[in-house]
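A.B. asks: Got a sequence here, can you build the structure:
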Amino acid sequence: MNDLQVDARRIAGVDEAGRGPLAGPVVVAAVILDPLRPIRGLADSKVLSPSRRDQLAGEIRDAALAFAICVVQADEIDRLNILGATLVGMSRALAQLPVKPLLALIDGNRLPLDLPCAGRAVIRGDATEPAISAASILAKTERDRIMVELDRIHPGYDFARHKGYPTREHLDALTRLGACREHRRSFAPVRLAPGKQGRTATDRVSADLTGRETA
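C.D. replies: From the prediction side, this is the model:
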């Protein structure tokens, strides 16, 4: 399908946050922008400051025709591997959109096998396609929010600071404390870390959040 022939109100951008961390979920967002309500300053979430990301995330939620956020937890990442979990999250996010897309623009070079619509992979799409940029911002801000909450539930790992990435402080905490339930046990630094392995019985922060179509 040629996206130039598709109504812009039926094109979804899709991106993820959290493929590299040792702990926490991978979060995928899908966004359909409203061409009548453009959002200035959309860019790859990684080049934006946290305050600017938060500001834009609020604008995206208010102005987008539709958005959906899918959270794929650590245990499912361990079962599927991180690539598989990311692709599953992309399909779920698109399926949860309250407006059915005709085309999905997906950041990267891989497409899920079970997309609910036509798809096109866009390398570095988070920097070139506004809808993908918007998805990257929603995914990143939602994942950061989850990791701050997990820091409260699992004290000692400093999740709020490093967001689960393999910093020296995080690796030191793994050595001292072992893995909590939010760690990805299939990832080598977690699997090989000394100390007690396994997930604790604390409640998990997880929910698929679906946005509403705006007028």
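
A.B. asks: give me the low-pLDDT residue ranges for the chain?
C.D. replies: Across the chain, the stretches falling below the confidence threshold (pLDDT under 70) are 1-4, 195-215.

A.B. asks: residue ranges for the strands of it, please.
C.D. replies: In the chain, strands defined by DSSP state E lie at 11-17, 26-32, 66-72, 103-107, 118-122, 209-210, listed in chain order.

A.B. asks: Now tabulate these in JSON lines and tack on mean neighbour count.
C.D. replies: In this view, the C-beta of every residue, glycine as well, is placed from N, C-alpha and C. Output for the strands of the chain, formatted as JSON lines (neighbours: other C-beta atoms under 10 Å):
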{"stretch": "strand 11-17", "mean neighbour count": "29"}
{"stretch": "strand 26-32", "mean neighbour count": "31"}
{"stretch": "strand 66-72", "mean neighbour count": "26"}
{"stretch": "strand 103-107", "mean neighbour count": "25"}
{"stretch": "strand 118-122", "mean neighbour count": "17"}
{"stretch": "strand 209-210", "mean neighbour count": "15"}
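
A.B. asks: Tabulate those (TSV), appending distance to L97.
C.D. replies: Converted to TSV, the strands of the chain look like this (distance: least, C-beta to C-beta, whole Å):
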stretch	distance to L97
strand 11-17	6
strand 26-32	6
strand 66-72	5
strand 103-107	9
strand 118-122	13
strand 209-210	8
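
A.B. asks: Any idea which of those strands gets closest to A43?
C.D. replies: Set against A43 and scored by C-beta to C-beta, those come closest in strand 11-17, at 12.0 Å.

A.B. asks: which ones are touching the residue nearest the centre of the chain?
C.D. replies: Against the mean C-alpha coordinate of the chain, by C-alpha atoms, centre = their mean, the closest residue is V27 at 2.4 Å. Remark: with contacts taken as C-beta atoms under 8 Å, 6 or more residues apart in numbering, V27 is in contact with 16-18, 69-72, 89, 139-140, 142-143, 146.

A.B. asks: Double-check A12 against Q96; I have them as touching.
C.D. replies: No. Under the criterion of C-beta atoms under 8 Å, A12 lies out of contact with Q96, with a separation of 10.8 Å.

A.B. asks: what do those two both touch?
C.D. replies: A30.

A.B. asks: before we move on, the earlier item: report the two of the contacts of V27 separated the most.
C.D. replies: With distances taken as C-beta to C-beta, the most widely separated pair in the contacts of V27 is V72 and K140, at 14.9 Å.

A.B. asks: May I see the domains of the protein written out as residue ranges?
C.D. replies: As given by automatic domain parsing, the domain ranges for the chain are 3-145, 151-191.

A.B. asks: chain center to the shortest one, what's the gap?
C.D. replies: Which is domain 151-191. For domain 151-191, the distance between its averaged C-alpha position and the chain's averaged C-alpha position is 19 Å (C-alpha atoms, centre = their mean, to the nearest Å).
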